[in-house]
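Trainee: this is the structure alone, sequence omitted:
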């Protein structure tokens, strides 16, 4: 199985940027699609972005389109989430996840088999 570790979270002012990384070990990340999800305090975890194994397919939730970019480097066994123009409502714990359904960029939690521990993103106004 694959193990996932997120990094890159932190505190940033509104309008700022962060890049999250999701490093995989145990198995090559190219065998999986990767998704990013987030959970704000008191709310359910929600889909943010996903990318297929080849990067041919990408999907975003509407609230981050034009601000967030998902990418991956299979040679480095790492996926990324570039977050620009951050807003206070982006504050959440961000999780990366890997799906064996590698040809699609799934938006449902149930499609993902492995999860990281999460990294906190806090956006101040």
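Mentor: Alright, I've got the coordinates. Everything numeric here is computed off the predicted structure, so don't read it as measured data.

Trainee: residue 54: neighbour count?
Mentor: Residue 54 has 12 neighbouring residues, counting by other Cβ atoms under 10 Å. Any C-beta I mention is one placed from the backbone N, CA and C, and that applies to glycine too.

Trainee: SS state for it?
Mentor: Classification of residue 54 using DSSP: H, G, I helix; E, B strand; the rest coil returns coil.

Trainee: residues contacting it?
Mentor: residue 103 (Cβ atoms under 8 Å, 6 or more residues apart in numbering).

Trainee: quick check: it vs residue 19, distance?
Mentor: Distance, residue 54 to residue 19, by Cβ to Cβ, to the nearest Å: 21 Å.

Trainee: what's the answer for residue 87, then?
Mentor: 17 Å.

Trainee: for residue 104, same thing?
Mentor: Distance, residue 104 to residue 19, using Cβ to Cβ: 24 Å.

Trainee: go on, residue 114?
Mentor: Counting by Cβ to Cβ - residue 114 and residue 19 are separated by 21 Å.

Trainee: can you pull out the strands in the protein?
Mentor: 3-7, 10-13, 18-25, 33-39, 46-51, 58-60, 68-73, 78-83, 92-99, 114-115, 119-124 (DSSP state E).

Trainee: of all those strands, which lies closest to residue 108?
Mentor: Closest to residue 108 of the strands of the chain is strand 46-51 (Cβ to Cβ; 7.4 Å).

Trainee: ok, that closest one: who's next to it in the sheet?
Mentor: Here strand 46-51 is paired, per DSSP bridges, with strand 33-39 (antiparallel), strand 58-60 (antiparallel).

Trainee: now do it against strand 78-83, angle only.
Mentor: Inter-element angle recorded for strand 46-51 and strand 78-83: 120 degrees (by axes from the mean of the first three to the mean of the last three Cα atoms, to 10 degrees).

Trainee: counting neighbours, which bits of strand 46-51 end up buried?
Mentor: 47, 48, 49, 50, 51 (16 or more other Cβ atoms under 10 Å).
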